[in-house]
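Asks: what would the 3D arrangement of this be:
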Amino acid sequence: MTRTMHVLRLIVHARSRQPVLLLGEAGGDRCVPVFLRPPQAEVIAAGRRDDSSVALTQDVLLPVVEALGRTCESVEISDLTDGVYTAELVFDGDVRLEVKPSDALAIAVREGLPIGMAEHVLDEVGQPIEEVLPPDSEDASGIAAQARAATGGIPTEPAEHPEQQLREFREFIDDVSPEDFK
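Replies: Numbering: from 1, shown residues only. Reported below is the predicted structural model:
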């Protein structure tokens, strides 16, 4: 069985400096962190594609699929093995194509596709949202909650404004190299 998920936040993990997408359970109270590759995090940060968007590589996929007479209906995080997610693009007729989770999520966000997660994966790694992103009456913007989520609740320096976080994320993307992930 698959649970519908939605994007809660895109953050940068405090210790590893890797981008993390927090997915929340639709109609539920659990969330799941998914570490992303930096190029896909950039696509997710760009948001949903519209007519005024600059075309990205991911934007080619669905028109090609449709030209071939198929429809990409959703993406699904289908399994978790040794701490690594498996993801699939789900096409009409329940045809599935395994892809990297960060690619699947980038396509889903860019194209506005539904995101699903296998219930057994959510049961294994889902965390209560209020523990990861607890409400904070002094922080209506949620910056402090983002910081707690990125550090596993370990106190950090005072939270930065979203503009500063975005600037730091872009600097991270500009400076990161494949060797940083070995």
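Asks: and the next helix or strand past the helix or strand bottoming out on mean pLDDT in the chain?
Replies: One helix or strand of the chain scores below all others by mean pLDDT, DSSP states H and E: helix 143-151, with a mean of 47. Downstream of helix 143-151, the next assigned helix or strand under DSSP states H and E is helix 162-175.
Asks: packing partners for that following helix?
Replies: Secondary-structure packing of helix 162-175 (3 or more CB pairs under 8 Å, 6 or more residues apart in numbering; DSSP states H and E): strand 2-12, helix 38-46, helix 143-151. C-betas here are computed from N, CA, C, even on glycine.
Asks: at 10 Å what do you get?
Replies: With contacts defined as 3 or more CB pairs under 10 Å, 6 or more residues apart in numbering; DSSP states H and E, helix 162-175 has these neighbours: strand 2-12, strand 19-25, helix 38-46, helix 143-151.
Asks: excluding sequence neighbours, find me the nearest residue to the most centrally placed residue in the chain.
Replies: Centroid check for the chain by CA atoms, centre = their mean gives residue 21 as the closest residue, at 3.2 Å. Sequence neighbours aside, residue 34 is the residue nearest to residue 21 in space, at 4.8 Å (criterion: CB to CB, 6 or more residues apart in numbering).
Asks: and residue 122, by the same measure?
Replies: residue 3 (5.4 Å).
Asks: residues near the one you found, how many?
Replies: 22 (other CB atoms under 10 Å).
Asks: do you know which of the helices and strands packed on helix 162-175 lies nearest residue 169?
Replies: strand 2-12 (5.4 Å; CB to CB).
Asks: give me the mean pLDDT for that closest one.
Replies: Across strand 2-12, pLDDT averages out at 91.
Asks: try stretch 38-47
Replies: Rounded mean pLDDT across stretch 38-47 is 83.
Asks: buried stuff in that stretch?
Replies: By neighbour count on 16 or more other CB atoms under 10 Å, the buried set for stretch 38-47 is 38, 39, 40, 41, 42, 43, 44, 45.
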